[in-house]
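> what would the 3D arrangement of this be:
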Amino acid sequence: MSAMRNILVHQYVDVDPVKVHEVVQFHLEDFDRFAEAVVRYLEGEGELPQA
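Model (predicted):
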């Protein structure tokens, strides 16, 4: 997902709308993992990642 973010931010002129649609429809696992980590943290079961 970070690769898609980098393309959208730095190479937005070359963005393929079909590819963006595919990612949004079928490749959102990163968001699921992030949401789960936020829930664990808010419930007091997790820790913030070290920078």
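> going on from the helix or strand hosting K19, what's the next piece of helix or strand?
Assigned by DSSP states H and E, K19 falls within helix 17-26. Next in sequence after helix 17-26, counting helices and strands by DSSP H and E, comes helix 29-42.
> buried set for that next one?
Neighbour-count burial for helix 29-42 flags no residue at all (criterion: 16 or more other Cβ atoms under 10 Å). From N, CA and C alone the C-beta is placed, and that goes for glycine too.
> other SSEs contacting it?
Using 3 or more Cβ pairs under 8 Å, 6 or more residues apart in numbering; DSSP states H and E, no helix or strand is in contact with helix 29-42.
> V23: how many residues sit nearby?
Using other Cβ atoms under 10 Å, V23 is surrounded by 15 other residues.
> P17 and V24, how far apart?
Going from P17 to V24 by Cβ to Cβ, to the nearest Å gives 10 Å.
> swap that for V13, sorry
For V13, the distance to V24 - Cβ to Cβ - is 19 Å.
> can I get the CA coordinates of stretch 6-17 in PDB?
Extracted in PDB, the C-alpha atoms of stretch 6-17 (Å, rounded to 0.1, in the frame of the first residue of the first chain):
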ATOM      1  CA  ASN A   6       4.000   7.100  -3.100                       C
ATOM      2  CA  ILE A   7       2.700   7.000  -6.700                       C
ATOM      3  CA  LEU A   8      -0.300   9.000  -5.800                       C
ATOM      4  CA  VAL A   9       1.700  11.700  -4.000                       C
ATOM      5  CA  HIS A  10       4.800  11.900  -6.200                       C
ATOM      6  CA  GLN A  11       3.700  10.700  -9.600                       C
ATOM      7  CA  TYR A  12       0.100  11.800  -9.700                       C
ATOM      8  CA  VAL A  13       0.200  12.700 -13.400                       C
ATOM      9  CA  ASP A  14       1.000   9.000 -14.200                       C
ATOM     10  CA  VAL A  15      -1.700   7.500 -12.000                       C
ATOM     11  CA  ASP A  16      -3.800   4.800 -13.700                       C
ATOM     12  CA  PRO A  17      -7.400   5.100 -12.500                       C
END
